[in-house]
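In: mind folding the following:
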Amino acid sequence: MSGIGNRIFTEFKRPARELIEAFRDIPSSNINDEMNRLYCMHESIRLINPNTSKQLIGSAFTVKVPLGDNLFFHQALDMAQPGDVIVVDGGGYCNRSLAGEIMLKFAQYKGIAGIVVDGCLRDYDALSRMEMPIYCVGITPEGPYKNGPGEIGAPVACGGQVVFPGDILVGDPDGIVVIHKEDAAEMAEFAQKKKSGEDKVFATMDADWRAYADKHAASTKKRMEGHMPEFYGSFAEKYNR
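Out: Here you go, the predicted model:
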């Protein structure tokens, strides 16, 4: 039998810390807009501790596990480095949890930047109070097996996105966007410009919202020109009701 499906890659290239930090405090929506709205994980991958003050931002440390089995997740906890985001491809399976308070508290003490699980976790009460950002599909008290096999350091699927080791993940209460490390430098520049542009919009609105309203109406009118809707007066009068 081949080692495919039961292997660990011990080396991969992590992005430079300054490149990761270039995405600090940029909303996931701004980044994804600049990636033609194609690189967000499914809405099923939700932040379960939204009161955390920390943004999910770091390089992906990937794990692939059988449904409901966390042996290789444990191994990943030992191997991951501070600043990594552990990304677990659990196949979206939610009949068993893949981790709980003990494992994730250990991850937080290690300086792991976040946990993203395409599957279920447990111990919600404790996890919801942690500072380390934690994302998953759902919660169940049903515990995992620890039999293996699995893979570490290989590409995985998570929330409908392919995640390669070393990809940059940025997450907030809206969700998670995946930035392949080869695209990161270019995307950081575009995302920063996008956020700067939106900040200017908010400043304009705060300074003179009526002027902004006129500008918005003009912009919307131009966009509507190609649709040519029919305008009526009262709906009640037209339909006699």
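In: quick one: residues in contact with stretch 68-76.
Out: Here stretch 68-76 makes contact (C-beta atoms under 8 Å, 6 or more residues apart in numbering) with 8, 61, 63-65, 86, 88, 90, 93, 95-96, 98-99, 103, 119, 144-152. Every C-beta, even on glycine, is put in place using the N, C-alpha and C of the backbone.
In: map the structural domains onto the sequence of the protein.
Out: Under the assignment automatic domain parsing, the domains of the chain span 6-185, 195-239.
In: with mean neighbour count and mean pLDDT added, can I get the ones you listed in JSON lines?
Out: Output for the domains of the chain, formatted as JSON lines (neighbours: other C-beta atoms under 10 Å; pLDDT from 0 to 100):
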{"stretch": "domain 6-185", "mean neighbour count": "19", "mean pLDDT": "98"}
{"stretch": "domain 195-239", "mean neighbour count": "10", "mean pLDDT": "91"}
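In: give me the helices and strands touching the longest helix seen in the chain, please.
Out: Among the elements of type helix in the chain, defined by DSSP state H, the one spanning the most residues is helix 184-207. If contacts are counted by 3 or more C-beta pairs under 8 Å, 6 or more residues apart in numbering; DSSP states H and E, helix 184-207 sits against helix 17-21, helix 28-33, helix 209-224.
In: ok and it relative to helix 209-224, angle-wise?
Out: On the basis of axes from the mean of the first three to the mean of the last three C-alpha atoms, to 10 degrees, helix 184-207 is oriented at 120 degrees to helix 209-224.
In: and the contacts of helix 184-207?
Out: Outside helix 184-207, the residues that reach it (C-beta under 8 Å, 6+ apart) are 15, 19-20, 22-23, 26-27, 30-31, 33-35, 168, 179, 211-212, 215.
In: can you pull up the bridge partners for the residue most central in space within the chain?
Out: Nearest to the mean C-alpha position of the chain, by C-alpha atoms, centre = their mean, lies residue 176 at 1.4 Å. Per DSSP bridges, the residues bridged to residue 176 are residue 171.
In: how close does it sit to residue 233?
Out: For residue 176, the distance to residue 233 equals 47 Å [C-beta to C-beta, to the nearest Å].
In: how about residue 14?
Out: Going from residue 14 to residue 233 by C-beta to C-beta gives 63 Å.
In: now do residue 124
Out: In terms of C-beta to C-beta, residue 124 sits 53 Å off from residue 233.
In: check residue 128 too.
Out: Here residue 128 is placed at a distance of 52 Å from residue 233 (C-beta to C-beta).
In: so residue 72: helix, strand or coil?
Out: State at residue 72, reduced to three classes by DSSP: H, G, I helix; E, B strand; the rest coil: helix.
In: now it, nearest residue through space, not along the chain?
Out: In space, and not counting its chain neighbours, residue 72 is closest to residue 150: 3.0 Å by C-beta to C-beta, 6 or more residues apart in numbering.
In: quick check: the one you found touching residue 88?
Out: No. Using C-beta atoms under 8 Å, residue 150 makes no contact with residue 88, being 9.5 Å away.
In: between these two, which contacts overlap?
Out: Common contacts of residue 150 and residue 88 (C-beta under 8 Å, 6+ apart): 63, 64, 65, 73.
In: and the contacts of stretch 227-235?
Out: With C-beta under 8 Å, 6+ apart, stretch 227-235 has contacts from residue 238.
In: which stretches of the chain form strands?
Out: Taking DSSP state E as the criterion, the chain contains strands spanning 6-8, 46-47, 56-64, 84-97, 114-121, 134-136, 138-139, 150-152, 156-158, 161-163, 168-172, 175-179.
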